[in-house]
Structure formats: structure tokens, C-alpha cells
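> With the input below, show me the fold.
(2 chains)
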Protein chains: 2
Amino acid sequence: MRRIKLTVSYDGTAYCGWQIQPNGVTVEEVLNRALSRLTGETVRVTGASRTDAGVHARGNVAVFDTASAIPPERVAYAVNAVLPEDIVAVESQEVPPDWHPRYQNSVKTYEYRILNREMPDPLRRRDSWHVSFPLDVDRMRAAAACLVGEHDFRSFCSVHTGAKTTVRKICALDIVKSEDLITLRISGNGFLYNMVRIIAGTLVEAGRRARTPEEVREILEARERGRAGATAPPQGLVLADIRYLYSPDE
Amino acid sequence: MRRIKLTVSYDGTAYCGWQIQPNGVTVEEVLNRALSRLTGETVRVTGASRTDAGVHARGNVAVFDTASAIPPERVAYAVNAVLPEDIVAVESQEVPPDWHPRYQNSVKTYEYRILNREMPDPLRRRDSWHVSFPLDVDRMRAAAACLVGEHDFRSFCSVHTGAKTTVRKICALDIVKSEDLITLRISGNGFLYNMVRIIAGTLVEAGRRARTPEEVREILEARERGRAGATAPPQGLVLADIRYLYSPDE
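Now for the predicted structure:
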């Protein structure tokens, strides 16, 4: 048996998220079916990040074990032939049999895209949040600055979290504006449930001058979900990549 | 009666093009239905550009006549409330009663997007052509240069054209590469049927070194559709904007 690491890109629009569930089609389920068809085995992938319904990925990671003779680096090409066009395996490689995509030091990077103009853009409706009122990007940056570092992010976590601790470390939070698109790029060693979307919703409130940057610091210190802004909609969120600090090759 | 000019943006993926036809839903038909519902009249729009099935627009233009009391500049907002989310009216204004979106000097700009990387990107599959072999952008630019200006573009026109003349003028043809996305941006006073997509297909052949830039000049001079490259697929094409040389306000 070999363990194969797959890097997976998907348009989450049509899926009820990553994780298998009874009420709808998920990315995990479609991957299992495609890999089972490819190998002739019953494949069960283990994913790094269980993205929510409607959330996208450029580089989510999954592993699975197989006795198949397909060369590990060819698995991505082979499985793409049986995957639907909204899920693409962008890379595959062999990893040690005990390598686990969640029990490994890693830095995850998410991007949240906000289309900031008066009218919606039908070509961006699936991968951005349309905010029609003007946003002050400098205020958003000032508010974002106090979130960088290690903090208790309980205020930025949906209440039904199962996490043992709500302390997380944000390594970087950059906000880039290009024409009418504002992209928040957030990197960290782990994120709580809905954390990036609640941060995005709160920074938009700072950008529209409904909150001061100082209030965002108070929200963080309050450790109370009710103090932060609304959860931004899923279609603006993309899991951009997961960088493992000790790569499986080493 | 007033004549209203609408600037319309759409994701063409779900439509059989602009023009009403018996075998599927079109953008024109959906606009007529929405404007009729809004005004309580039987509205028939006249479009500037009859984009093909699967082709997108950021700024197509249509006019219609109405006795409605809705202020002209509010029509866009009002009709968006009854349009599906893949069609958006981005602007509306009153124009003189004889103003016609096709019988007017104008410069149209199209963009053709090529995603040039080995693996497809599920988030770009609806608005780009995925070309997996490497493209030499400098060669594409050299090949494009001979197309700029006034020429007989018969080689770059689908044979079933109804146009009286195949002479057209390309004002500009710029090729911009940003990460793995190559965008052709073409402006001109008019385009033949499939002209931009045949130019894109031919420039990709130059970029992959299947043709020399000099051959593209020979194709132009041959005036024979069979000499040019394949018609690039529709989802890469966006009608970016139509600039009227004498704007209706003046």
C-alpha cells in the first residue's frame, strides 16, 4: 500500500462543502467515487480542511491509501479524467504511510474577495461578495492590524465550535485593492469555524465606517461572538493553499 | 414615449447567445420579459451586439421605447430586481428617439482570456480557455501586430457570414500576461462573425510555435477561412465595452 497526497482545486458553488453528509453532494464524496473508479478499490480520502458549503479551494489537500500501480505523480492526471470539471486534482505525490494532512505543522492561506462597486458583476457573483457601499481600505487595514499575531479568537468563531481552544495565530493579514476588487489574504496555523468569514464581515463594517479600528480590538478582547460583525457569505472565500512546514519529501 | 439606453452585463454560460431563437433561452428574451414586467408594456429591446452562445458581456448595449414614468437613470436599478443574477443592467439613460445602438459610430472592445497552465482551474473554467501547452507571448504579440489596422478579414470570418464587406479596422490588439492568464484585448469599429475567436485560435497557434508570425500575415492576405486557426471556444470571450463616438448626451 502507498499513501498518496493530492492537492485539490474546486469551485464549491455546487457542493454542500467538503465533508460527507446525508443531505447533499460533497467534494469528499465525489473524490472518493472518482478515486475508487480509478483504482478499483474502495477509496476513502482524509482531507486537510473541511471547507463549508459554497466555499472554494485552489489548494486543499487530501490523502488516501492504495495498492494501485499508477505512478503517484500520475494519479492527478488520471483522476481528472473521471472527475467533474468543477473539481481538479492539481498535483499528486507519494508520502510516508503515517503522514496525515491535519496532524502536521502547516500554514494555511485563505483569500476572501469583496467586489466593491455599486452594481453587481454577473461574472464575479460565484467567487466574490458584492458590497455596494464604498469601503475605506485604509480603515480596513488599520482594523486588521490588531488581529495579526496569537490571540484568543473566540469573538470570531461560530458558537457551535467543537475546538478545545480558541487561541490561534494569524501570521499575516494583507488587504489588496485592484480596481473594484478587494482581496483579504489571511495566513495562519489554523482557523476556527467560520473565523475568516467573521473577520471579513467585521472588517467590512470597519470599512464602511460602522465600526472604528479601535472597536475591532475591543471585539477581539471581549471573547464573545455577538460582538463581532456578521459572517460574510461563503462564495467570497477560497482556501488558497496549505504549506506544510516539513514537506513530505524531506 | 422615451427611448432608454441600457448597458448590460451578463454571464453567457446559461444562454443560447443574445438573439431570440426557438431552441433555447437567450439574453434578449430574458431582458424583454423583465422590462415588460417592470413597465407593464410589451417591450422589445434592440441590441448593439448579438453575442454567441456562451459568450459574456460586461457592457453590451440595448435600447427600448417606453411610456413608463420610471426616471430613465433608475430603470437599471428597477429592472435588476426582476432579472436573474446572471444578467445585470449596469446603467440606463434616455437617448434621442432615433438613436440606434448599431447605426452609430462606435468602438467595440472584446477581451479573450486564455488560462495558460498545465492543469485546469475550476474557478476559471467559465470565463477562460484552458491551454495546457506553453505559449510564447512575444510570438503572439508579433503575430498580432500584422492584424492591426484596416484589412480584409475574410480569413478570420466564419463562412456563413451575411456581411456585405469583410473589411474591418482593428484599432488596437494588446496582449497582457498576468500570472497564468493571457488576455487579448481587441478594439475595432466592427467585427465579423466569430472574428475575435478565430484571431484568438490563430494567435494561440503562433504562441505554441505551430505557425510563425509571418504565416499570420499570409493567412490575412489569403482571404480564405480555411487558412486560419480554429475558432477558440466561446467561454473565453467577453464583450468588454462599446464606446459611442458621439455619445447620446452630446
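
> what about A:Val82, helix or strand, and which?
In the assignment (DSSP states H and E), A:Val82 maps to no helix and no strand.

> Kindly apply the preceding question to A:Phe191 instead.
No secondary structure element spans A:Phe191, as it lies outside all helices and strands (assigned by DSSP H and E).

> Let me know how buried it is, in neighbour terms.
Counted with other Cβ atoms under 10 Å in any protein chain shown, the neighbours of A:Phe191 add up to 22. All C-beta spots, glycine's among them, are computed from the backbone N, C-alpha and C.

> Quick check, it in contact with A:Lys108.
Yes. In this structure, A:Phe191 is within contact of A:Lys108 by Cβ atoms under 8 Å, at 6.6 Å.

> Got the phi and psi for the closest residue to A:Arg217 other than its chain neighbours?
Leaving out its chain neighbours, the residue that sits closest to A:Arg217 by Cβ to Cβ, 6 or more residues apart in numbering or on different chains is A:Cys146, at 4.3 Å. Geometry field for A:Cys146 lists phi and psi as phi -80, psi -10, criterion degrees, to the nearest 10.

> tell me, how many neighbours does A:Cys146 end up with?
Around A:Cys146 there are 17 other residues, counting by other Cβ under 10 Å.

> Tell me which residues touch A:Arg3, please.
With contact set as Cβ atoms under 8 Å, 6 or more residues apart in numbering or on different chains, A:Arg3 has these partners: A:Val63, A:Phe64, A:Asp65, A:Glu94, A:Val95, A:Pro96, A:Pro97, A:Trp99.

> Beta-bridge partners for it, please?
Legend: beta-bridge partners of A:Arg3 under DSSP bridges are A:Asp65, A:Val95.

> And it, how close does it get to A:Arg208?
Taking Cβ to Cβ, to the nearest Å as the measure, A:Arg3 falls 47 Å from A:Arg208.

> So A:Glu205 belongs to a helix, correct?
Yes. Using DSSP: H, G, I helix; E, B strand; the rest coil, the secondary structure at A:Glu205 is a helix.

> Which parts of chain A are strands?
Residue ranges of the strands in chain A, as given by DSSP state E, are A:2-10, A:46-47, A:56-66, A:87-95, A:106-116, A:129-131, A:149-152, A:167-178, A:181-188, A:237-244.

> For those strands, give me a markdown table that also has mean pLDDT.
Output for the strands of chain A, formatted as a markdown table (pLDDT from 0 to 100):
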| stretch | mean pLDDT |
| --- | --- |
| strand A:2-10 | 98 |
| strand A:46-47 | 97 |
| strand A:56-66 | 98 |
| strand A:87-95 | 97 |
| strand A:106-116 | 97 |
| strand A:129-131 | 98 |
| strand A:149-152 | 96 |
| strand A:167-178 | 96 |
| strand A:181-188 | 98 |
| strand A:237-244 | 97 |
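
> which residues touch A:Val131?
Contact partners of A:Val131, counting by Cβ under 8 Å, 6+ apart, are A:Ile114, A:Leu115, A:Asn116, A:Val204, A:Arg208.

> Which two among the contacts of A:Arg3 are spaced furthest apart?
Using Cβ to Cβ, the contacts of A:Arg3 reach their maximum pairwise distance at A:Phe64 and A:Pro96, which is 14.1 Å.

> What number of residues are in the vicinity of the nearest residue to A:Gly54 once chain neighbours are set aside?
Nearest in space to A:Gly54, with sequence neighbours left out and distances taken as Cβ to Cβ, 6+ apart, is A:Pro234 at 3.4 Å. Residues near A:Pro234, counting by other Cβ under 10 Å, number 18.

> Give me the domain ranges for chain A.
Under the assignment automatic domain parsing, the domains of chain A span A:2-103, A:108-241.

> In TSV, list those domains along with distance to B:Asp121.
Output for the domains of chain A, formatted as TSV (distance: least, Cβ to Cβ, whole Å):
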stretch	distance to B:Asp121
domain A:2-103	6
domain A:108-241	11
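
> Which residue, neighbours along the chain excluded, lies closest to A:Thr166?
What sits nearest to A:Thr166 in space, not counting adjacent residues and going by Cβ to Cβ, 6+ apart, is A:Arg154, at 4.2 Å.

> and that neighbour, how many neighbours does it have?
In terms of burial, A:Arg154 registers 20 neighbours under the definition other Cβ under 10 Å.

> And A:Ser155, by the same measure?
Here the count is done by other Cβ under 10 Å, and A:Ser155 has 24 residues near it.

> so it makes contact with A:Arg227?
Yes. A:Ser155 is in contact with A:Arg227 according to Cβ under 8 Å; the separation is 5.4 Å.

> Between these two, which contacts overlap?
A shared contact of A:Ser155 and A:Arg227, defined by Cβ under 8 Å, 6+ apart, is any residue touching both; here these are A:Ile219.

> which residues touch A:Ala53?
Neighbour list for A:Ala53: A:Gly12, A:Tyr15, A:Cys16, A:Gly17, A:Gly24, A:Pro234 [criterion: Cβ under 8 Å, 6+ apart].

> Show me the two of the residues you listed that sit farthest apart.
Maximum pairwise distance in the contacts of A:Ala53, criterion Cβ to Cβ, is 13.7 Å, between A:Gly24 and A:Pro234.

> pretty sure A:Ser187 is touching A:Lys169, no?
No. With contact defined as Cβ under 8 Å, A:Ser187 and A:Lys169 do not form a contacting pair (9.6 Å).

> Which residue of these two possesses the greater neighbour count?
Using other Cβ under 10 Å as the criterion, A:Ser187 and A:Lys169 rank with A:Ser187 on top: 19 against 14.

> Run a quick neighbour tally on the closest residue to A:Leu237 other than its chain neighbours.
The shortest distance from A:Leu237 to any residue other than its chain neighbours is 4.7 Å, reached at A:Val55 (Cβ to Cβ, 6+ apart). A:Val55 is flanked by 26 other residues according to other Cβ under 10 Å.

> Close to chain B: what parts of chain A are there?
The interface of chain A toward chain B, taken as Cβ under 8 Å from any Cβ of the partner chain, is made up of A:9-11, A:56, A:58, A:76, A:80, A:85-91, A:119-123, A:125-127, A:238.

> Now do the same contact list for the residue nearest to A:Ile199 when sequence neighbours are not counted.
Ranked by Cβ to Cβ, 6+ apart and with sequence neighbours excluded, the top spatial neighbour of A:Ile199 is A:Phe156, at 5.5 Å. A:Phe156 makes contact with A:Leu147, A:Leu192, A:Asn194, A:Met195, A:Ile198, A:Ile199, A:Thr202, A:Ile219, A:Leu220, A:Arg225, A:Ala228, according to Cβ under 8 Å, 6+ apart.

> In terms of pLDDT, where does the residue nearest to the fifth one when sequence neighbours are not counted sit?
On the basis of Cβ to Cβ, 6+ apart, the spatially nearest residue to A:Ile198 that is not a chain neighbour turns out to be A:Phe156, at 4.5 Å. For A:Phe156, the pLDDT comes out at 94.

> residues touching A:Gly47, list them.
Contacts for A:Gly47 were tallied using Cβ under 8 Å, 6+ apart; they are A:Trp18, A:Gln19, A:Glu28, A:Asn60, A:Val61, A:Ala62, A:Pro101.

> what do you get if the cut-off is 7 Å, keeping everything else the same?
A:Trp18, A:Glu28, A:Asn60, A:Ala62, A:Pro101 (Cβ atoms under 7 Å, 6 or more residues apart in numbering or on different chains).
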